[in-house]
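In: give me a 3D structure for the following:
(2 chains)
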Amino acid sequence: MHKCEVVIVGAGPAGIACGYVLAKAGVDVVILERGQYPGAKNMFGGIFFADQMNKLIPQFYTEAPVERFVAKKHYSLLINYSEVSLNIDSEEHKKPPYNHSYIVRRSVFDKWFAKKAEEQGATIICGTAATDFVWDGKRVVGVTAGTADDDDNVLLADVVVCAEGANSMLSEKAGLRNRLSMRARCISVKEVIELGKDVINERFGLTAREGAAYEYFADATPGMLGDGFIYTNMDSLNVGVGVVISEMYGRENPVSLNELLERFKNHPCIRPLVKGGKTLEYSAHMIPMDGYKNLPRFYTNGLLLIGDAAGLVNNSICHEGVNMAMASGIMAAETILENRGQKSYDAKELRSYEQRLKHSFVLENMKSSRDFIDTLRTHKELLNDYPHLMKDVITKFFEVGDVPKSTVKRDIIRMIRSRMSVVRAAKTFAAVLKGGI
Amino acid sequence: MVTAEENNQLSLDDKLFTVRRKPLKTSHISLDEHLCKECFNRICTYICPAEVYVWDEAKKKIDVRYENCLECGACRVACEAIKWANPVWGAGIAYKNS
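Out: I've put the predicted structure just below:
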């Protein structure tokens, strides 16, 4: 049996950030990681929002293994075999600190970040999956790794921080949340496709370390709440799709996730961007969709939940995740440091962690977009009928021919009236605005 | 004619082959087979990105190809009959590009 001050379960952005702050303050902290190295079991199809990282390690991007910064954003609706999109290419975002938006490979980046925490004095033990908490009455006093019958597999601590990620089984075991529901998680698959730097720069109109983040909605995941994405690494692309699990359930003709990804890759508007590449790796991961209204309890006696394990992902159009994970890790560390002298980390002492979350952008942002996903779920026309109508209207409007524009406009108005109730549409868009984007 | 190669269209088996792994000694997944027999939906057969779960019509049971697991956990969220645990001692997937 071993003992330390703080044990953290999981070396992802949340766990490492927490360990970094604690170690820097001189705390004896151990991070357990189930993978062979930090990042071995992590992946995302996303942008590393790095404002928190930049506070922790100023100008981290000058030394960290980042692939590219996000110079271009592209929000797109796929409609049958067409596309309508919004391109954002803002010169302000092309200067340091690059709008705090970077594309990284987690297997490389998490490893680097873990090393920085080790330099501060944190101990990271890899290849060790925490299997359960050790309880003393109603209090968490440590974790077990592997089988609990072997004393050597028990690690005791004054306080435990659970950063085990989206597939959070320990938080269920500890009774901090109910069994995860199908609505509470999105399943995402992606391929990393090697194309070479020059081809990527040419296809996406990039130079030097500029990167692109492309997001696709509507028929990217036909009839289902989900999205498709392309993010540029230096020499390869992250190409993937994600769907809320409940959306897959009970469909008449279910398609597998791999098939959804193949259909996305072969969409006529996507294929020219990804064709000819070599698939380097296929991967899958869940994304928390708990939302503000279904968050778990964040703490109990001797235990704090952070990052994805705590459901701290903002399912808005901005997809904030990693920044919230890191912020929650930092706030958990601050809470522990505040109570450090007293040696008791009961729920009443740890409550200030939740206060910190509430008074920060983390829960503020989640609160302001608390109804966004529900609105999309209950107003499927936002993902189906309206995008299709919009595309038909735009196509009609730009049609070249000898029909007078006055006739075209009249036809368009008829088209809109026949396919959309203006009153219902007004209500739907009001719901979207109220639900927060 | 667009070839599969130009399209970058690997089979799922080929895709799974791109993932580096430390082999699992035993299965980290177990099933309540009684529930499987009564299940009509079989969401496990399409929610799993690695298609670990395959319905065997002859044996009337789900065949679990646990060696292919990508450890996302979607199956256990989708179905209560599935008992899923993290592989221990560093076994399982080890991404290097994702």
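In: let me see the ranges of the helices in chain B.
Out: B:12-17, B:33-38, B:44-47, B:74-78 (DSSP state H).
In: to A:Ala284, which of these lies closest?
Out: For the helices of chain B, the distance to A:Ala284 is smallest for helix B:74-78, at 7.5 Å, taking Cβ to Cβ. Where C-beta positions appear, they are placed from N, C-alpha and C, glycine not excepted.
In: so what touches that closest one?
Out: Residues from elsewhere that reach helix B:74-78, judged by Cβ atoms under 8 Å, 6 or more residues apart in numbering or on different chains: A:167, A:180-182, A:184-185, A:187, A:245, A:248-249, A:284, A:286, B:29, B:43-44, B:47-49, B:52-53, B:82-84.
In: indicate the residue of chain B located nearest to chain A.
Out: Taking Cβ to the nearest Cβ, chain A has its nearest neighbour within chain B at B:Gly90, 2.8 Å off.
In: dump the residue contacts of that residue.
Out: For B:Gly90, the contacting residues are A:34-36, A:40, A:126-128, B:22, taking Cβ under 8 Å, 6+ apart as the criterion.
In: most neighbours out of the residues you listed, which is it?
Out: In terms of neighbours by other Cβ atoms under 10 Å in any protein chain shown, the contacts of B:Gly90 top out with A:Gly35 at 29 neighbours.
In: list phi and psi for that one.
Out: Note on A:Gly35: backbone dihedrals following degrees, to the nearest 10 are phi -80, psi 170.
In: am I right that it is in contact with A:Cys126?
Out: Yes: taking contacts as Cβ atoms under 8 Å, A:Gly35 lies within contact range of A:Cys126: 6.3 Å.
In: B:Asp14: neighbouring residues, count only.
Out: Counted by other Cβ under 10 Å, the residues lying close to B:Asp14 total 11.
In: where does the nearest residue to A:Asn80 once chain neighbours are set aside land on pLDDT?
Out: Distances taken as Cβ to Cβ, 6 or more residues apart in numbering or on different chains put A:Asp219 closest to A:Asn80, at 6.2 Å, once the chain neighbours are dropped. According to the per-residue confidence, A:Asp219 scores 96 in pLDDT.
In: now B:Glu6
Out: Model confidence at B:Glu6, given as pLDDT, is 56.
In: tell me the average confidence for stretch A:263-277?
Out: Mean pLDDT, taken over the full extent of stretch A:263-277, equals 96.
In: quick check: which ranges of chain B have low pLDDT?
Out: Along chain B, the parts satisfying pLDDT under 70 run over B:1-8.
In: and A:Ile187, what is it in contact with?
Out: A:Ile187 makes contacts with A:242-243, A:245, A:248, A:257, A:284-287, B:47, B:49, B:72, B:74, as judged by Cβ under 8 Å, 6+ apart.
In: shouldn't it be within a strand?
Out: Yes: for A:Ile187, which was evaluated using DSSP: H, G, I helix; E, B strand; the rest coil, the result is membership in a strand.
In: how near is the residue nearest to A:Asn80 to A:Ser76?
Out: Separation of A:Asp219 from A:Ser76 (Cβ to Cβ, to the nearest Å) stands at 10 Å.
In: what of A:Gly19?
Out: Distance check for A:Gly19 against A:Ser76: by Cβ to Cβ, it reads 38 Å.
In: for A:Lys115, same thing?
Out: Using Cβ to Cβ, one gets 37 Å for the distance from A:Lys115 to A:Ser76.
In: what do you get for B:Glu57?
Out: Separation of B:Glu57 from A:Ser76 (Cβ to Cβ) stands at 41 Å.
In: before we move on, what about B:Val88?
Out: Going from B:Val88 to A:Ser76 by Cβ to Cβ gives 42 Å.
In: what of A:Ala212?
Out: Computed as Cβ to Cβ, the A:Ala212 to A:Ser76 distance reads 12 Å.
In: which of the helices of chain B sits most buried?
Out: Most buried of the helices of chain B by mean neighbour count (mean count of other Cβ atoms under 10 Å in any protein chain shown) is helix B:74-78; its value is a mean of 25.
In: how about the CA coordinates for it, as CSV?
Out: Listed next in CSV are the C-alpha coordinates belonging to helix B:74-78 (Å, rounded to 0.1, in the frame of the first residue of the first chain):
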residue,chain,number,x,y,z
ALA,B,74,-20.3,3.7,-26.7
CYS,B,75,-21.5,0.1,-26.4
ARG,B,76,-21.9,0.2,-22.7
VAL,B,77,-23.8,3.5,-22.9
ALA,B,78,-26.1,2.1,-25.6
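In: where does the residue nearest to A:Asn80 fall, phi/psi-wise?
Out: The phi and psi values for A:Asp219, taken as degrees, to the nearest 10, are phi -80, psi 10.
In: and for it, the neighbour number?
Out: There are 24 residues near A:Asp219, going by other Cβ under 10 Å.
In: distance of it from A:Phe204?
Out: In terms of Cβ to Cβ, A:Asp219 sits 22 Å off from A:Phe204.
In: could you do A:Met43 as well?
Out: In terms of Cβ to Cβ, A:Met43 sits 21 Å off from A:Phe204.
In: these two - which one has more neighbours?
Out: The neighbour count for A:Met43 versus A:Phe204, taken as other Cβ under 10 Å, is higher for A:Met43 (27 against 19).
In: so what's the gap between stretch A:277-288 and the chain middle?
Out: If you compare the mean C-alpha spot of stretch A:277-288 with that of the full chain, they lie 14 Å apart, counting by Cα atoms, centre = their mean, to the nearest Å.
In: then stretch A:172-188?
Out: Between the mean C-alpha location of stretch A:172-188 and the chain-wide mean there is a distance of 16 Å, by Cα atoms, centre = their mean.
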